[in-house]
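J.: could you look at this predicted model? Sequence included:
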Amino acid sequence: MDEVVGKIVDNKQIIFKGYIEGVPKESDMELRLGNKIKLEAPKGSAAFLVKNLYLSCDPYMRTRMRDFHASYIPPFLPASVVQGFGVFKVIDSDNPNLKPGDIVSGFTGWEEYSLLHDTEQLRKVEADNDIPLSYYIGLLGMPGFTAYAGFYEVCAPKRNERVFVSAASGAVGQLVGQLAKLHGCYVVGSAGSNQKVDLLKNKLGFDEAFNYKEEPDLDAALKKYFPEGIDIYFENVGGSMLDAVLLNMRIHGRIAVCGMVSQTGIGAPDQQGIRNLLSIVPKRVKMQGFLQSDYLHLFGRFVEEVGSLYKEGKITYLEDMNEGLESGPAAFAGLFTGKNVGKQVICVSRA
C-alpha cells in the first residue's frame, strides 16, 4: 500500500550498541522498536524522506565500529542507527533534484524509513526490468565498481596473464574473476567451502578454485595452480594468504589491495606479521591499496559496460538475500565467518 505523506508510523531501526574489538557479532547491534516517524520532508530543509528497500552488508563497515578517526570514513556513533549503502524509494522531498517515486541508491540508515540530507554518491536508478533493484548495491553498486576499478585501473591487466582472487565468491571477488576471464586471463579463486569452490568453477567460470581451509600449505597450493607464478593478485583477505602469494608473484606482478578481512581487529584469528615482503623487491612487484571513490569519474562507464554484460548473459552475479530488517545484525556478522554465498543483502521491503 502507498505511504500517505504526513502520516505518523512506526519505524523499526538497527542500532549500533558501542565500539568493539575483534570480529563483529550479532549482539553488537540490536533491533529498536517503538520509534515514530512522520512521513514528510520538512519544508525548507532540502531533505528527502525515503522508504528503504534493500540494504548492503559490506566488510568496510567493520572499520566504522571502532573509535578510530584516522580512517577514510568516520565511525558509527554508539546508540545510533547503523549506516550503509542501500536502494530506496523517495516518499516525500524538499530537494529539487528528487521527487516522490524516484528510486535511488546511496547511503542510508538501517531502518524502514530515513530522512536524508546528504546527496553525495547518490544515484538515481533507472528502472530496468532485466536488472534486479538489489543489484544496484551489488553488481552495479559499490562492490561491483570496486571490482571494476581495482581490476582495470590498479591491476592494469594484459591478455593471458595469470590472476588469483581471494574471497573469490564474495561481492567483489566474483566479479573480478569474471572480468578477468572476459579479458582473456587464466583465473584461480580461493574460498572457504567446497560449495563456494563448486560455484566458482561451474557457475562463475573460473579456471580453477580451491578451499583454503583444506590447504595446510598455502604456498604449495599456489604453486600447484600457478606453476609459473602469479601476474595479478586481487587481495581481499590478507594474513597468511597474502604472505603465501608474495612468494609466488611473477616479475612486474601487481597486487590490488581491496581489503583484508582476516585483519578485522584485535583478536582476529590471522594477525600474524607479513614475513615475505622482501619478495616485492627482486620481482619489482607493485602493491597498491585503493578505494573505489578514487575512480568515481569512471562510474557511468562502469554501469553501462557491466550492465550490458549482465543482460547479454556474459556475467553472473551471486546474491545472498536475507528477509527483514531484523535479519541485519546476523547477516552482517556472517560476513566475517564466511556464512554468505555471494553479495550479502537485506531486503527491508520490495515496494
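T.: Sure, I can see it. Numbering: from 1, shown residues only.
J.: just the mean pLDDT for the longest strand seen in the chain, thanks.
T.: Counting by DSSP state E, the longest strand found in the chain is strand 83-93. For strand 83-93, mean pLDDT rounds to 97.
J.: also stretch 57-76?
T.: With pLDDT averaged residue by residue, stretch 57-76 scores 87.
J.: partner strands of the longest strand of the chain, parallel or antiparallel?
T.: Here strand 83-93 is paired, per DSSP bridges, with strand 48-56 (antiparallel), strand 103-109 (antiparallel).
J.: where do the helices sit along the stretch 1-150 of the chain?
T.: 142-149 (DSSP state H, counting those that start in this stretch).
J.: okay, now the sheet partners of the helix or strand that contains Asn322, with direction.
T.: Under the criterion of DSSP states H and E, Asn322 resides in strand 319-323. Strand 319-323 has its sheet partners listed here by DSSP bridges as strand 343-347 (parallel).
J.: run the chain-centre distance for the partner strand.
T.: Centre-to-centre, strand 343-347 and its host chain are 10 Å apart (C-alpha atoms, centre = their mean, to the nearest Å).
J.: how about the strands in the stretch 101-250 of the chain?
T.: Secondary structure of the stretch 101-250 of the chain (DSSP state E, counting those that start in this stretch): strands located at 103-109, 113-116, 123-124, 162-165, 186-191, 208-211, 230-235, 249-257.
J.: most packed of those strands?
T.: strand 162-165 (a mean of 28; mean count of other C-beta atoms under 10 Å). Just so you know, the C-beta spots here come from the backbone N, C-alpha and C atoms, and that holds for glycine as well.
J.: mind giving me the packing neighbours of it?
T.: Applying 3 or more C-beta pairs under 8 Å, 6 or more residues apart in numbering; DSSP states H and E, one finds that strand 162-165 contacts helix 173-182, strand 186-191, strand 230-235.
J.: looking at those, which is nearest to Gly22?
T.: strand 230-235 (21.3 Å; C-beta to C-beta).
J.: the closest one to helix 173-182, inter-axis angle?
T.: Angle of strand 230-235 versus helix 173-182, following axes from the mean of the first three to the mean of the last three C-alpha atoms, to 10 degrees, is 160 degrees.
J.: by how many degrees do strand 230-235 and strand 186-191 diverge?
T.: With the same axes, to 10 degrees applied, the angle from strand 230-235 to strand 186-191 works out at 30 degrees.
J.: ok, strand 230-235: who's next to it in the sheet?
T.: Strand pairing for strand 230-235, using DSSP bridges, gives strand 162-165 (parallel), strand 249-257 (parallel).
J.: list the contacts of that strand.
T.: For strand 230-235, contacts defined as C-beta atoms under 8 Å, 6 or more residues apart in numbering pick out 147, 150-151, 155, 157-158, 161-166, 172-173, 176, 180, 185, 222, 242, 245, 248-250, 253-260.
J.: stretch 134-145 now?
T.: 53-56, 58, 85-87, 105, 123, 125, 131, 171-172, 175, 292, 295, 298-299, 302-303, 306-307, 310, 315, 317, 319, 321, 343, 345, 347.
J.: returning to that earlier point: mean confidence for the strand holding Asn322?
T.: Average pLDDT, strand 319-323: 97.
J.: continuing past it, what's the next helix or strand?
T.: Sequence-wise, the next helix or strand downstream of strand 319-323 (DSSP H and E) is helix 328-334.
J.: picking up where we left off before, Asp94 is nearest to which of the strands of the stretch 101-250 of the chain?
T.: Per C-beta to C-beta, nearest to Asp94 of the strands of the stretch 101-250 of the chain: strand 113-116, 10.1 Å.
J.: which other helices and strands contact the closest one?
T.: Using 3+ C-beta pairs under 8 Å, 6+ apart, strand 113-116 sits against strand 48-56, strand 103-109.
J.: got the contact list for the nearest residue to Gly44 once chain neighbours are set aside?
T.: Nearest residue to Gly44 in three dimensions, chain neighbours excluded: Asp94, at 6.8 Å (C-beta to C-beta, 6 or more residues apart in numbering). By C-beta under 8 Å, 6+ apart, the residues touching Asp94 are Ala41, Pro42, Lys43, Gly44, Ser45, Ala46, Ala47, Phe48.
J.: can you select the buried ones among the residues you listed for me in ChimeraX?
T.: Burial among the contacts of Asp94 is assessed by 16 or more other C-beta atoms under 10 Å; the matching ChimeraX selection reads:
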select :41,47,48
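J.: keeping just the C-alphas, turn stretch 274-283 into PDB.
T.: Provided in PDB are the C-alpha atoms of stretch 274-283 (Å, rounded to 0.1, in the frame of the first residue of the first chain):
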ATOM      1  CA  ILE A 274      53.800 -10.500   6.900                       C
ATOM      2  CA  ARG A 275      57.200 -12.200   6.500                       C
ATOM      3  CA  ASN A 276      57.700 -12.300   2.800                       C
ATOM      4  CA  LEU A 277      57.600  -8.600   1.800                       C
ATOM      5  CA  LEU A 278      61.200  -8.700   0.600                       C
ATOM      6  CA  SER A 279      59.800 -10.600  -2.400                       C
ATOM      7  CA  ILE A 280      58.400  -7.400  -3.900                       C
ATOM      8  CA  VAL A 281      62.000  -6.000  -4.400                       C
ATOM      9  CA  PRO A 282      63.700  -8.600  -6.700                       C
ATOM     10  CA  LYS A 283      60.400  -9.200  -8.500                       C
END
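J.: show residues contacting that stretch.
T.: With C-beta under 8 Å, 6+ apart as the criterion, stretch 274-283 contacts Leu242, Asp243, Ala244, Leu246, Leu247, Met249, Arg250, Ile251, His252, Gly253, Val285, Met287.
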